[in-house]
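> no sequence on this one, just coordinates:
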């Protein structure tokens, strides 16, 4: 799901599809949304040294992306397959947020990670960056995310998980044109659950 979100964001696929569904055809003449290659872009992974983060890196590196991993220990586990890889760096969470084009949350939800990402962290991100959560919804403070997305602090957010699934009907997550929700698709695939 992380790579799917990255590919969609780089082609402005969600925004362009929304225009088409609304009957707007302006994008056939002049692009209304920025599109770009992902080669050379930085993918920051919070909790990226585990099984899922490593699998994401397995796809992102051949696509030409540079990988930043935040780790409380400041290093990858001994013997990790990307321990000395030239395109992989372990950095602080603040550096990861400030320099990544895409920030992916890949860590488990526990007492230490609940609401790890809030307004302070989002404001560290580049205004062109995208936040992707395919882990657990409560790792992001949704109230603070909604505030930042209303202010357009970052380019967008892709949430395959939310604090409550589905979010309540009155949640502003449904109304934001720069937040893209999916119904925990990453878990629903048969192969994922086997």
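All right, it came through fine. It should be emphasised that the depicted structure is a prediction, and the values quoted were computed from it without experimental measurement.

> for the residue nearest to residue 179 when sequence neighbours are not counted, give me phi and psi.
Nearest non-adjacent residue to residue 179, counting by C-beta to C-beta, 6 or more residues apart in numbering: residue 157, 4.9 Å away. Heads up, the C-betas are built off the backbone N, CA and C, glycines and all. With angles defined as degrees, to the nearest 10, residue 157 sits at phi -140, psi 140.

> wait, residue 157 touches residue 130, no?
Yes. Applying C-beta atoms under 8 Å, one finds residue 157 in contact with residue 130, separated by 6.8 Å.

> ok, these two, which is more surrounded?
residue 157 (26 against 23; other C-beta atoms under 10 Å).

> tell me what that one is bridged to.
On the basis of DSSP bridges, residue 157 takes part in beta bridges with residue 131, residue 179.

> the residue most central in space within the chain: what's it in contact with?
With distances taken as C-alpha atoms, centre = their mean, the residue of the chain nearest its centroid is residue 132 (1.7 Å). Applying C-beta atoms under 8 Å, 6 or more residues apart in numbering, one finds that residue 132 lies in contact with 1, 2, 5, 6, 102, 103, 104, 105, 157, 158, 159, 160.

> pLDDT value on it, please?
On pLDDT, residue 132 comes in at 98.

> low-confidence ranges in this protein?
Residue ranges of the chain with pLDDT under 70: 186-194.

> would you map the strands across it?
Counting by DSSP state E, one finds strands in the chain at the ranges 42-46, 66-70, 88-91, 102-105, 130-133, 156-159, 179-181.

> now those in TSV, with distance to residue 54?
Listed next are those as TSV, based on distance: least, C-beta to C-beta, whole Å:
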stretch	distance to residue 54
strand 42-46	9
strand 66-70	10
strand 88-91	10
strand 102-105	12
strand 130-133	16
strand 156-159	20
strand 179-181	25
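
> mind checking which of those strands is nearest residue 76?
strand 88-91 (5.9 Å; C-beta to C-beta).

> flag every buried residue along the closest one.
88, 89, 90, 91 (16 or more other C-beta atoms under 10 Å).

> what's next to that strand, contact-wise?
Residues contacting strand 88-91 (C-beta under 8 Å, 6+ apart): 44, 49, 57, 61, 66-71, 74-76, 82, 99.

> give me that answer again for 6 Å
Residues outside strand 88-91 that contact it (C-beta atoms under 6 Å, 6 or more residues apart in numbering): 67, 68, 69, 71, 75, 76, 82.

> narrow those to just the buried residues.
By neighbour count, with 16+ other C-beta under 10 Å, the contacts of strand 88-91 hold 67, 68, 69, 71, 76, 82 as buried.

> and the gap between the residue nearest to residue 179 and residue 80?
28 Å (C-beta to C-beta, to the nearest Å).

> with residue 89 instead?
For residue 89, the distance to residue 80 - C-beta to C-beta - is 13 Å.

> can you check residue 87 too?
Taking C-beta to C-beta, one finds residue 87 at 14 Å from residue 80.

> just residue 171 next, same as before
38 Å.

> just checking, residue 12 touches residue 33?
Yes. Using C-beta atoms under 6 Å, residue 12 is in contact with residue 33, at 3.5 Å.
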